Structures are given as structure tokens and as C-alpha cells.
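Undergrad: Prediction below, plus the sequence it came from.
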Amino acid sequence: MFFKEKSHKLLFYLFVILAFWFSSSKHLSQTVFWATGGVYTFNLFIGTLWLYLFSIKNKSKQNLIFLVLISVLTALTTQNLILALLFFLIIKSFSKEGLFINTLLFIILLSGLLFLNFAPGNKLRVNEIDSNLIDNINGITLFKNLALVTFQYLKHSIFLFLTLLIVIAFFNKNINLKQYFFLPKNKKQFITLLQQNIYLIVAISTIIPFILIPSLASVRTSIYFVFFFILYFFKILSDSNIEIFNNRNVIKHLSFVLILMVFYSYNFILGFQLKNKLFYRATVLKEATEKTVTIKLIDKNEMPTLFRFREIKDQNDWVLSEIRKHFNCKEILIEK
């Protein structure tokens with residue numbers, strides 16, 4: 001064989017990683033390239049570590065101790081992630097296996113969720129957004145907000161769905177979707193339905209915090225939805241009878257990886273060009289202290305997908321006013 005089995009696995013893991021980040025390209029500018037937004041990526045790392053420790057918790061007592069400790073840290077991350085893992089534990093508990101430890105983890109995470117929800121700072125934030133939030137809540141409003149946020153997340157995750165369609169076209173003609181989508185006739189089948197679609201349910205649960213305040217939903221908060229949805233897809237792929245590591249599929253994986261690498265390389269080159277333009281603008285502004293200066297806006301077509309940033313909209317944009325204060329310019333005009 002041209003590739004050995006270990007190389008097959010390495011290539012497949014590379015494919016999974018690139019597919020995830022390619023699918024996530026909509027939020028990369030806010031969760032990776034924006035320092036403050038990096039907390040979302042860090043939280044997701046904590047969540048990934050939690051899922052890994054959960055999967056190996058029965059192998060040793062040390063793993064179990066680490067899982068409990070990381071659960072305390074996870075409980076202090078964000079409502080989106082905590083809710084997702086709570087739903088994960090609820091579904092896992094239907095099997096009755098490890099019920100005690102699952103209950104302990106549930107209590108730890110639920111305590112963190114309550115702490116975050118009732119923290120004074122969180123209350124102040126909610127009041128600033130809508131002081132009459134509780135009075136305005138009703139069934140119709142909640143349903144509308146759910147539809148609005150779901151559509152927004154689907155729009156943010158468009159690359160994810162395109163990626164999944166491509167993957168299905170490449171590798172996936174023999175998947176039996178009936179084992180994931182069926183009408184349960186009894187309790188046992190209902191539990192099976194939940195367990196088969198656990199990551200899909202968990203992905204949807206990340207939307208719940210925004211049903212009350214949909215304005216807080218953004219590109220960066222969709223990272224959790226994207227992560228669990230792609231886990232759901234790869235669960236389907238791993239459950240199928242497809243030989244992932246045979247030579248024919250290795251070529252398909254390699255082809256897809258090459259497509260992604262071209263995409264990243266193109267964006268990397270455009271990213272350098274964008275950085276140079278921003279550096280030039282900053283230099284001009286530094287030299288314009290207490291002076292009037294004219295700047296040229298960067299065209300949207302010149303912004304690479306992965307490095308997209310918030311450009312000044314017009315002469316009345318508040319961002320322009322803040323830039324003027326920062327560089328101590330007399331006035332900043334936008335070139336027409």
C-alpha cells in the first residue's frame with residue numbers, strides 16, 4: 001500500500017481538523033484573530049478536554065479525578081457550553097451506566113450555570129439590554145426568538161453544511177439514516193433515538209441562552225453549535241460501514257485536504273496584504289497628530305474570509321470618532 005495504516009489515521013485526523021476550521025471560517029475572525037474573542041476558543045478547548053476525559057473516565061481513577069476537576073473549571077466558562085454538556089449528561093444517564101458520577105458532574109455544571117446566571121454582573125448586563133425583559137416574555141416571543149437565532153446560526157454555519165455535503169458526496173453513499181431518524185414506538189426506542197442523535201441535540205441546546213435575548217447571538221457564539229454539529233456528522237460517518245482508511249478513501253481525503261489547503265493559502269496571502277494596508281493606515285494616522293487627514297477604506301472584496309474585520313462604515317460611524325480620539329487627530333475624512 002502507498003499509505004500505511006498509521007498514515008491513514010493521521011491523514012483522516014488532519015482532514016477532520018481542517019474540515020472543522022474550514023466550516024468555522026465565518027467566526028474565525030472573532031474567535032481566533034480577535035484577542036478578546038479568543039475566550040470562546042479557550043472555552044471550547046476546555047469543553048473538548050471534558051468530553052475526552054468523560055470518554056476515558058472508566059479506564060483509571062486518575063481519569064475520573066481529572067474529569068471532576070475539569071468539570072469545576074468548565075462550570076465557570078459560559079452558559080452555551082455548560083447547557084450543552086448538561087444535555088449530554090442527561091442523555092448519557094438514560095443508559096444507567098455510571099449514574100452516580102454523571103449525577104455528580106451534573107450538579108457541578110448546574111451549580112456553575114446558576115452562579116453565572118444570577119451573578120450581579122450578568123443581571124446588570126441584562127438590564128442594560130432590556131430592563132423589561134421578564135415582562136415582555138411570552139410563548140410567541142420565545143418561538144420567534146428561537147426561529148431567529150436558529151436561522152442566524154445556520155447562516156453563520158453555511159460553510160459547515162457545504163463541507164458536509166461535499167464529504168457526503170466524497171465518502172458517504174451507504175449511510176443508513178433510518179437509524180438516526182425514526183418514530184420511536186416504545187421507551188427503549190426513544191432512548192435509542194436520543195443517544196443516536198446526542199450531538200445534534202447538544203448542538204441545538206447551545207441556542208437556548210439566546211432565546212431570551214437574541215441580540216446577544218453572534219458569529220463568535222456559534223462556535224459551540226458548529227463544534228457539536230460536526231461531531232454529530234463524524235459520529236454518523238464512524239458508525240457507517242465505510243472503510244475510512246482504505247486506499248480509495250485515502251485519495252479522497254487527500255483531495256479534500258488539498259482543496260482546504262488551497263483555501264487557507266489563498267486567505268493567508270490576502271491576510272498579509274490586509275495587514276500591510278492596516279499598518280500603512282496606522283502610520284498615516286500616527287503622523288497626523290492634531291491635523292486633518294484623509295484615509296481610504298478597504299474594499300470588501302479585498303478582505304479574505306478568514307481575516308475579515310469590522311471596517312469603518314461612513315463618516316458618521318462611531319468607530320471613526322474613537323479612532324480620531326485614539327490618534328489625537330483634528331479630523332479624519334474618508335476618501336470618496
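TA: Alright, I've got the coordinates.

Undergrad: use CA for all of it now, contacts and neighbours both
TA: OK.

Undergrad: now the helices for the stretch 151-300 of the chain?
TA: Assigned helices in the stretch 151-300 of the chain, in chain order: 158-171, 187-196, 198-205, 209-212, 223-239, 247-286 (criterion: DSSP state H, counting those that start in this stretch).

Undergrad: okay if I get these as CSV plus mean pLDDT and distance to Lys296?
TA: Formatted as CSV, those follow (pLDDT from 0 to 100; distance: least, Cα to Cα, whole Å):
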stretch, mean pLDDT, distance to Lys296
helix 158-171, 66, 31
helix 187-196, 89, 53
helix 198-205, 91, 41
helix 209-212, 79, 37
helix 223-239, 80, 33
helix 247-286, 77, 8
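
Undergrad: just these: most buried one?
TA: When you average the neighbours per residue for each of these (mean count of other Cα atoms under 10 Å), helix 198-205 leads with a mean of 22.

Undergrad: residue ranges with poor pLDDT in the stretch 1-150 of the chain?
TA: Along the stretch 1-150 of the chain, the parts satisfying pLDDT under 70 run over 1-29, 32-36, 125-136.

Undergrad: Let's have the helices of the stretch 151-300 of the chain in TSV, adding distance to Asp317.
TA: Formatted as TSV, the helices of the stretch 151-300 of the chain follow (distance: least, Cα to Cα, whole Å):
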stretch	distance to Asp317
helix 158-171	29
helix 187-196	48
helix 198-205	35
helix 209-212	27
helix 223-239	28
helix 247-286	17
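
Undergrad: Mind checking these for the one nearest to Phe100?
TA: When the helices of the stretch 151-300 of the chain are ranked by proximity to Phe100, the top entry is helix 187-196, at 18.9 Å, counting by Cα to Cα.

Undergrad: Which strands or helices does that closest one pack on?
TA: Packing contacts for helix 187-196, counted by 3 or more Cα pairs under 8 Å, 6 or more residues apart in numbering; DSSP states H and E, involve helix 79-93.

Undergrad: So Gln30, which state does it fall into?
TA: Secondary structure state of Gln30, per DSSP: H, G, I helix; E, B strand; the rest coil, is helix.

Undergrad: list the contacts for it?
TA: By Cα atoms under 8 Å, 6 or more residues apart in numbering, the contact list for Gln30 reads Gly37, Gly38, Val219, Arg220.

Undergrad: try Leu89
TA: Contacts were defined as Cα under 8 Å, 6+ apart; by that measure Leu89 touches Asn102, Phe106.

Undergrad: quick one: Lys92 and Gln196 touch, right?
TA: No - using Cα atoms under 8 Å, Lys92 is not in contact with Gln196, being 10.8 Å away.

Undergrad: Select, out of the helices of the stretch 151-300 of the chain, the one closest to Lys96.
TA: Go through those one by one with Cα to Cα and the one that ends up closest to Lys96 is helix 187-196, at 11.4 Å.

Undergrad: Please tell me how far that closest one is from the chain's geometric centre.
TA: Distance, stretch centre to chain centre, for helix 187-196: 27 Å (Cα atoms, centre = their mean, to the nearest Å).

Undergrad: can you list the residues that contact it?
TA: Helix 187-196 is contacted from outside by Ile91, Lys92, Phe94, Gln179, Tyr180, Phe181, Phe182, Pro184, Ile201, using Cα under 8 Å, 6+ apart.
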